[in-house]
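Participant: Generate a structure from the sequence data that follows.
(chains A, B, C and D)
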Protein chains: 2
Amino acid sequence: MSDRKEKVATVRRVLANEIAQAIRLRVYRPGEWLRQIDLEERFQAKRFDVRSALEELAVRKTIEHVPNRGYRVAEIDLKTYEEIRATRMILETASAAAIVTNIDDEAIARLEELARAFSHAVREGTRVDQSEVNRAFHQIMYSFCGNAVLEETIWALRDRSRGSRVTVWASHESLLRSDREHYEMMEALRVRDAGHLAAVIARHLTRVGQEERG
Amino acid sequence: MSDRKEKVATVRRVLANEIAQAIRLRVYRPGEWLRQIDLEERFQAKRFDVRSALEELAVRKTIEHVPNRGYRVAEIDLKTYEEIRATRMILETASAAAIVTNIDDEAIARLEELARAFSHAVREGTRVDQSEVNRAFHQIMYSFCGNAVLEETIWALRDRSRGSRVTVWASHESLLRSDREHYEMMEALRVRDAGHLAAVIARHLTRVGQEERG
DNA sequence: TGCAACTTAATTGGCGCCAATATAATCGCC
DNA sequence: GGCGATTATATTGGCGCCAATTAAGTTGCA
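Facilitator: Here you go, the predicted structure:
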């Protein structure tokens, strides 16, 4: 409508997101150094833009900056991981109420699709496939919390916890449980049961944290 | 202890914090343009560092970047302000429980001091004095939530909401209420009443939001 | 006098060069 | 042959220049 808040997609912003995606896709793994020359070639970008993008990601804590050494994919320690998990727990369970009131049937249908896609990925997909489908599912769900800032904050935290060396789904059993929980979440959404939705989300996050230690 | 996670204070990071502080102190007001040449002189920094610092603040959403126009102090709209408030509400009330269990007498004594300093600032200080003392009070309190990530997240949101054009304490009456609430929070801390602490925090945030509209 | 086109001034931002630094390789000594 | 010192190589990062862009100022015309 108005030209007020037009989001300007600068080169560095786009590049930062591309690199962030590559990190999610495990092209670059936690602890790995991101050499500027490689990035220049891979993304066909100028050196300056690469540096800007890396700086942006460092501010977002996706990567870590070591002066005169460069940038590497953040490798978060267990303590920080637990802290992120706890903070996510607070925000994600709190958003359940708003999601339940705002969600519509069309969105639930899209979630249904993604839940099935996840079931499929569990059987024949790669870890990355599973992770991306799972991401898409939650992206739709949280987009209905009706609070852009809350949404951003949740995703900032989720992206940060990617830096964990431990795999998110440690066992195949936990993958199957995540799978079932997607359907359980949708059931809670259909009957507009905020408490139930929050409970499923909490259970999911708790489980992930516990498997780590065990 | 270990040299592992040594926080490196680069020039740009220090400068970014200095500029952020200047914004908090209302040296630069919401909507105002930050000219790079001015910043160079004021902070005795090289142009490149100024630009890096501005980029960092833009990523942190403290300022806003308009290509070929420059950077200006973010001027958040009412909707975003409300969203930040709602998110803060979630996080800050949720941290009450941990604060209550972790706080010690020495910290409460320091809070007592700051609460008195605030009372004093209400009577004879400037808006900025009041704001900074208030900030110090909450900084100590939230530092006892035992979760560095949660703490960071809370402060990121608080700093973002500074960009609001509306004054935080609209009336003198609301200032007095904030003043009283500091003592009420300490009382809750002394008797280890998490519920009460959360309630005071919630009341404070709700009130601030309501005065805006009214 | 008001408005539009043009000129001038101020400001931002892309970019490449090279010095500073870290890492790897080589060499020499024990 | 192992290990420390030294040289060579690779990589990062500070910085200044100038083109591109925008804003301000000025002139001319209706």
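Participant: and A:His196, what does it touch?
Facilitator: A:184, A:187-188 (C-beta atoms under 8 Å, 6 or more residues apart in numbering or on different chains). For the C-beta atoms, the positions are set from N, CA and C on the backbone; glycine is no exception.
Participant: Kindly export the helix or strand bottoming out on mean pLDDT in chain A (C-alpha atoms) in CSV.
Facilitator: Sorting the helices and strands of chain A by mean pLDDT, DSSP states H and E puts helix A:194-213 at the bottom, at a mean of 81. The C-alpha coordinates for helix A:194-213 follow below in CSV (Å, rounded to 0.1, in the frame of the first residue of the first chain):
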residue,chain,number,x,y,z
ALA,A,194,-4.6,-24.1,23.4
GLY,A,195,-3.6,-26.0,26.5
HIS,A,196,-3.1,-29.2,24.5
LEU,A,197,-1.1,-27.5,21.8
ALA,A,198,1.2,-25.9,24.4
ALA,A,199,1.6,-29.2,26.1
VAL,A,200,2.7,-31.0,22.9
ILE,A,201,5.1,-28.2,22.1
ALA,A,202,6.6,-28.4,25.6
ARG,A,203,6.8,-32.2,25.5
HIS,A,204,8.7,-32.0,22.2
LEU,A,205,11.2,-29.5,23.4
THR,A,206,11.7,-31.3,26.7
ARG,A,207,12.3,-34.6,25.0
VAL,A,208,14.9,-33.2,22.6
GLY,A,209,16.8,-31.7,25.5
GLN,A,210,16.7,-34.9,27.5
GLU,A,211,17.9,-37.2,24.8
GLU,A,212,21.0,-35.1,24.5
ARG,A,213,22.1,-35.8,28.0
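Participant: Which residues of chain A lie near chain B?
Facilitator: A:8, A:10, A:52, A:55-56, A:59-60, A:65-67, A:77, A:80, A:83-84, A:86-87, A:90-91, A:94, A:147-150, A:153, A:157 (C-beta under 8 Å from any C-beta of the partner chain).
Participant: Might you specify the subset of the residues you listed located within helices?
Facilitator: Under the assignment DSSP state H, those contribute A:52, A:55-56, A:59, A:80, A:83-84, A:86-87, A:90-91, A:94, A:148-150, A:153, A:157 to helices.
Participant: State whether A:Arg72 is indeed within a strand.
Facilitator: Yes. Per DSSP: H, G, I helix; E, B strand; the rest coil, A:Arg72 lies within a strand segment.
Participant: Please name the residues that touch it.
Facilitator: The contact partners of A:Arg72, by C-beta under 8 Å, 6+ apart, come to A:31-34, A:63-64, A:66.
Participant: at 6 Å instead, please
Facilitator: A:33, A:64 (C-beta atoms under 6 Å, 6 or more residues apart in numbering or on different chains).
Participant: Can you tell me how far it is from DNA strand D?
Facilitator: 10 Å (C-beta to the nearest atom of the strand, to the nearest Å).
Participant: beta partners for that residue?
Facilitator: Using DSSP bridges, the bridge partners assigned to A:Arg72 are A:Trp33, A:Glu64.
Participant: gap between it and DNA strand C?
Facilitator: Taking C-beta to the nearest atom of the strand, one finds A:Arg72 at 11 Å from DNA strand C.
Participant: Check A:Ala156 too.
Facilitator: Look at A:Ala156 and DNA strand C: by C-beta to the nearest atom of the strand, they are 24 Å apart.
Participant: So what's the residue count around that residue?
Facilitator: Residue crowding around A:Ala156 was assessed by other C-beta atoms under 10 Å in any protein chain shown; the count is 15.
Participant: A:Thr10 now?
Facilitator: 17.
Participant: Identify the residue nearest it in space, chain neighbours excluded?
Facilitator: Spatial nearest neighbour of A:Thr10, excluding adjacent residues (C-beta to C-beta, 6 or more residues apart in numbering or on different chains): B:Pro67 at 6.3 Å.
Participant: Any of the ones in helices among the residues of chain A next to chain B buried? List them.
Facilitator: Buried members of those, counted by 16 or more other C-beta atoms under 10 Å in any protein chain shown: A:52, A:55-56, A:59, A:80, A:83-84, A:86-87, A:90-91, A:94, A:149-150, A:153, A:157.
Participant: for the least confident helix or strand of chain A, the distance to its chain's centre please.
Facilitator: Computed by C-alpha atoms, centre = their mean, to the nearest Å, the chain-centroid distance of helix A:194-213 equals 16 Å.
Participant: which residues touch the nearest residue to A:Ser161 once chain neighbours are set aside?
Facilitator: In space, and not counting its chain neighbours, A:Ser161 is closest to A:Ile84: 4.7 Å by C-beta to C-beta, 6+ apart. With contacts defined as C-beta under 6 Å, 6+ apart, A:Ile84 is in contact with A:157, A:160-161, B:149.
Participant: Report whether A:Val27 is found in a strand, as I expect.
Facilitator: No. Counting by three-state DSSP, A:Val27 is not found in a strand; it is coil.
Participant: give me the number of residues near it?
Facilitator: 13.
Participant: With A:Glu92 instead?
Facilitator: Residues within reach of A:Glu92, counting by other C-beta under 10 Å, total 24.
Participant: ok, now how distant is it from B:Lys79?
Facilitator: According to C-beta to C-beta, to the nearest Å, A:Glu92 and B:Lys79 sit 22 Å apart.
Participant: A:Leu176 too?
Facilitator: 41 Å.
Participant: So which of the contacts of A:His196 belong to strands?
Facilitator: Among the contacts of A:His196, no residue falls in strands (DSSP state E).
Participant: Columns neighbour count, distance to DNA strand D and pLDDT on top of those, output as JSON lines?
Facilitator: Converted to JSON lines, the contacts of A:His196 look like this (neighbours: other C-beta atoms under 10 Å in any protein chain shown; distance: C-beta to the nearest atom of the strand, whole Å; pLDDT from 0 to 100):
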{"residue": "A:Glu184", "neighbour count": "18", "distance to DNA strand D": "45", "pLDDT": "97"}
{"residue": "A:Glu187", "neighbour count": "14", "distance to DNA strand D": "49", "pLDDT": "96"}
{"residue": "A:Ala188", "neighbour count": "21", "distance to DNA strand D": "47", "pLDDT": "97"}
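Participant: Reformat those residues as JSON lines; add distance to A:Asn102.
Facilitator: Formatted as JSON lines, the contacts of A:His196 follow (distance: C-beta to C-beta, whole Å):
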{"residue": "A:Glu184", "distance to A:Asn102": "19"}
{"residue": "A:Glu187", "distance to A:Asn102": "17"}
{"residue": "A:Ala188", "distance to A:Asn102": "14"}
